[in-house]
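Colleague: 3D model of this:
(one chain, ligands or ions: 4)
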Amino acid sequence: MIDLHCHSLCSDGTDAPAALALLAQAGGLKALALTDHDTLDGLPEFLAMQSQVSTRLITGIELSCRFLSMELHILGLFVDHQDPAFRNRIQDLQARRQERNQRMAERLTAIGIPISLQEVAEHATSRLVSRVHFARALVKRGKAGSQQDAFARFLGEGRPAHVPFEDLSPADACRWIKEAGGVPVLAHPGRSANRAFRWEEALADLKAQGLEALEAYYPEYSPREEQYFCELAQRLDLVASGGSDYHGKMKVGLSLGVGRGGLHVPDQVLENLEVRRTHRT
Ligand code: AMP
Ligand code: MN
Ligand code: MN
Ligand code: MN
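Modeller: Ligands and ions are numbered 1, 2, ... in the order given. Predicted structure coming up:
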């Protein structure tokens with residue numbers, strides 16, 4: 001069993017990177033990838049644990065892109081977190097994320113919830129501030145009953161305080177990841193659009209933009225959806241990858257490796273992804 005998608009407190013999870021390595025070992029995982037949103041900050045601490053655990057620890061990141069007016073997340077597995085050009089690009093994304101946060105704070109203020117970025121940042125566990133931290137601030141203020149409710153009322157797509165990521169295209173995300181020696185994987189495709197969405201066409205287009213794999217194993221999928229995405233991956237010659245998207249206490253009822261209990265990402269997935277790695281000279 002392996003898990004190729006999780007978050008630490010360096011983005012919007014609650015566990016330290018070292019704690020994730022220990023948790024993976026305790027759960028008997030053969031491999032774990034740390035894929036924080038828009039940051040490589042957790043990776044040195046995570047990789048330093050390799051001498052203490054037999055679980056293979058893999059570098060990763062999760063980037064938010066815009067595609068056909070939809071928000072898509074692309075994981076970069078095996079990226080070289082010390083690559084200077086990649087680090088610069090990620091730093092740039094973080095600056096744009098800060099600008100987006102400022103705009104979300106302005107939108108909330110405009111609808112009668114005056115909130116400062118400083119107040120939101122108090123709910124973050126690192127310098128990366130995401131909508132999750134806005135949600136927590138809104139719950140603390142009594143403006144939402146729960147994190148979920150805060151997304152439903154204010155922060156989700158199409159809601160009054162939502163500001164989409166406009167900047168990054170899937171083509172650029174895939175290129176950046178490959179130039180850093182990584183493999184681009186479309187995260188949780190089934191979550192980004194309704195069931196009528198034509199994934200086959202979209203995935204063929206994304207493959208032409210550099211995509212190598214998609215998550216076919218994900219806690220929110222039914223067995224039918226898992227089968228659908230596995231078959232689609234095979235037809236399009238993309239690797240079927242997967243992971244729990246564990247966020248610690250930020251996503252209740254979800255465990256590393258097993259998701260809500262039924263997740264099982266086959267070990268073979270890792271070998272299939274290895275074949276797609278970019279070997280830089
Ligand atoms: P951001 O990267 O700032 O757009 O924040 C997105 C993060 O918010 C995701 O990675 C999830 O962890 C979380 N999230 C997204 N939608 C919801 C939701 N409906 N309820 C709770 N958390 C959510
Ligand atoms: Mn998240
Ligand atoms: Mn995601
Ligand atoms: Mn994620």
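Colleague: show me what contacts the residue of the stretch 1-150 of the chain found nearest ligand 3?
Modeller: Minimum separation of the stretch 1-150 of the chain from ligand 3 (Cβ to the ion) falls at residue 73, amounting to 3.7 Å. Heads up, the C-betas are built off the backbone N, CA and C, glycines and all. Listed by Cβ atoms under 8 Å, 6 or more residues apart in numbering, the contact set of residue 73 reads 62-65, 186-188, 192.
Colleague: Bridged to it, which residues?
Modeller: With DSSP bridges as the criterion, residue 73 is bridged to residue 64.
Colleague: Just the helices from this protein, written as ranges.
Modeller: With helices called from DSSP state H, the chain shows them at 17-26, 43-48, 84-110, 117-121, 131-140, 147-150, 170-179, 199-208, 223-235, 268-274.
Colleague: out of these, which comes closest to ligand 1?
Modeller: helix 131-140 (3.6 Å; Cβ to the nearest ligand atom).
Colleague: Mind listing what's buried along that closest one?
Modeller: For helix 131-140, burial by neighbour count (16 or more other Cβ atoms under 10 Å) applies to 131-139.
Colleague: for ligand 1, what are the nearby residues on this structure?
Modeller: Residues of the chain found near ligand 1 (Cβ under 6 Å from any ligand atom) are 12, 37, 64, 130-132, 147-148, 151, 156, 247.
Colleague: closest to residue 221 among those?
Modeller: Of all the residues of the chain next to ligand 1, residue 247 has the smallest distance to residue 221: 17.3 Å, by Cβ to Cβ.
Colleague: so the closest one touches residue 7, yeah?
Modeller: Yes - between residue 247 and residue 7 there is a contact at 4.9 Å, judged by Cβ atoms under 8 Å.
Colleague: which one of the two has more residues nearby?
Modeller: Between residue 247 and residue 7, residue 7 has the larger neighbour count (other Cβ atoms under 10 Å), namely 28 against 19.
Colleague: Check whether that one really touches residue 246, as I assumed.
Modeller: Yes - using Cβ under 8 Å, residue 7 makes contact with residue 246 at a distance of 6.8 Å.
Colleague: Chain neighbours aside, what residue packs nearest to the residue in the stretch 101-250 of the chain that ligand 3 sits nearest to?
Modeller: When scored by Cβ to the ion, the stretch 101-250 of the chain has residue 187 as its residue closest to ligand 3, at 4.7 Å. Distances taken as Cβ to Cβ, 6 or more residues apart in numbering put residue 73 closest to residue 187, at 3.9 Å, once the chain neighbours are dropped.
Colleague: Residue 96 now?
Modeller: Distance criterion Cβ to Cβ, 6+ apart; nearest residue to residue 96, sequence neighbours excluded, is residue 167 at 5.4 Å.
Colleague: ok, now residue 172?
Modeller: In space, and not counting its chain neighbours, residue 172 is closest to residue 65: 7.9 Å by Cβ to Cβ, 6+ apart.
Colleague: Tell me the spacing between residue 192 and ligand 4.
Modeller: 12 Å (Cβ to the ion, to the nearest Å).
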